[in-house]
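Undergrad: only geometry, no sequence info:
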């Protein structure tokens, strides 16, 4: 099957299966899998122009809704967290899209950029796993408690125990947000998170991942939020910012027609990847409660770091 915009000719089954496998595991950590779908398009399919970034955002639009629906249905959506991400990342995504088109149209430079972004994400996760301070030990205890309760359904929890499998907002202000989950409370600074999402939204927009892949490790490493409570929020944030990103790329496309530079997304290819991601994210969100948080972090960290090293070394 030939895809006109990207110039790729492959079986339509390949993007579907690849996206399914990737998103199944990454969605458990609140990541859509777009950060791995893009390298696959660049290195395996040979799709390297700015249009690959906008196509990757189309993948998010199609793939993520299933996971968001599943997390909302299970009561595992931290709404204040999701709102801060959705407000902070769009301006950054707009700037990132402009940077991608204007300053990183060259394949070599873009691969180096991708490698550096992935390396940061991977090292940040690995660093978080190696921390030995008190906060990290407390997070480990919380994860252990969650794993011990994983066989309990929401219906089996007694109301008078005070332990709820759903995420509930306890307090929310511009400087502090606290929510509860399984009898534990967790906090983050909304204003601080807003500033970070603005900055990393630029990186996400340039890369074509919406920002969630970068923000999820930050929430775990900086605020020590359990991965089981951030997944829904980061996926929802990625979905909204991807929509803004696609609109922005489409809006800029007519202004670059005379340059011969493909900017608009390959909708058919992006939709095929998205269909696989849709199924994978739903299954991953459905089975997340059976997967230990530490295992999810290790899988994400190793895959990201190895891929980053490959891209950076390929430059030399």
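TA: Ah, there it is. Fair warning: this is a prediction, and the values are worked out from it, not measured in the lab.
Undergrad: contacts and neighbour counts: CA atoms only from here.
TA: Will do.
Undergrad: now the helices for the stretch 201-316 of the chain?
TA: When assigned using DSSP state H, counting those that start in this stretch, the helices of the stretch 201-316 of the chain occupy the ranges 212-222, 227-252, 267-287, 293-315.
Undergrad: out of these, nearest to residue 42?
TA: Distances from residue 42 to each of these were compared using CA to CA; the shortest belongs to helix 293-315, at 10.6 Å.
Undergrad: how far away from the center of its chain is the helix or strand encompassing residue 68?
TA: If you go by DSSP states H and E, residue 68 is part of helix 51-73. In terms of CA atoms, centre = their mean, to the nearest Å, the centre of helix 51-73 is found 9 Å from the chain centre.
Undergrad: and the helices of the stretch 201-316 of the chain as CSV, adding mean pLDDT, mean neighbour count and distance to residue 64?
TA: Shown next, in CSV, are the helices of the stretch 201-316 of the chain (pLDDT from 0 to 100; neighbours: other CA atoms under 10 Å; distance: least, CA to CA, whole Å):
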stretch, mean pLDDT, mean neighbour count, distance to residue 64
helix 212-222, 74, 23, 11
helix 227-252, 87, 24, 6
helix 267-287, 92, 25, 6
helix 293-315, 76, 17, 18
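Undergrad: residue 70 touches residue 286, doesn't it?
TA: Yes - the pair residue 70 / residue 286 is scored as a contact, 6.7 Å apart, by CA atoms under 8 Å.
Undergrad: I'd like the distance between residue 7 and residue 125.
TA: Counting by CA to CA, to the nearest Å, the gap from residue 7 to residue 125 is 35 Å.
Undergrad: those two: which is more packed in?
TA: More neighbours surround residue 125 than the other of residue 7 and residue 125, with 24 against 12 (other CA atoms under 10 Å).
Undergrad: and the pLDDT for that one?
TA: What the model reports for residue 125 is a pLDDT of 71.
Undergrad: where do the helices of the stretch 51-200 of the chain begin and end?
TA: Chain-ordered helices for the stretch 51-200 of the chain, with DSSP H, counting those that start in this stretch as the definition, fall at 51-73, 79-103, 107-130, 134-148, 190-207.
Undergrad: which secondary structure elements does the longest one contact?
TA: Applying 3 or more CA pairs under 8 Å, 6 or more residues apart in numbering; DSSP states H and E, one finds that helix 79-103 contacts strand 168-172, helix 190-207, helix 227-252.
Undergrad: now do 6 Å
TA: helix 190-207, helix 227-252 (3 or more CA pairs under 6 Å, 6 or more residues apart in numbering; DSSP states H and E).
Undergrad: using a markdown table, lay out the ones you listed together with distance to residue 74.
TA: Listed next are the helices and strands packed on helix 79-103 as a markdown table, based on distance: least, CA to CA, whole Å:
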| stretch | distance to residue 74 |
| --- | --- |
| helix 190-207 | 24 |
| helix 227-252 | 10 |
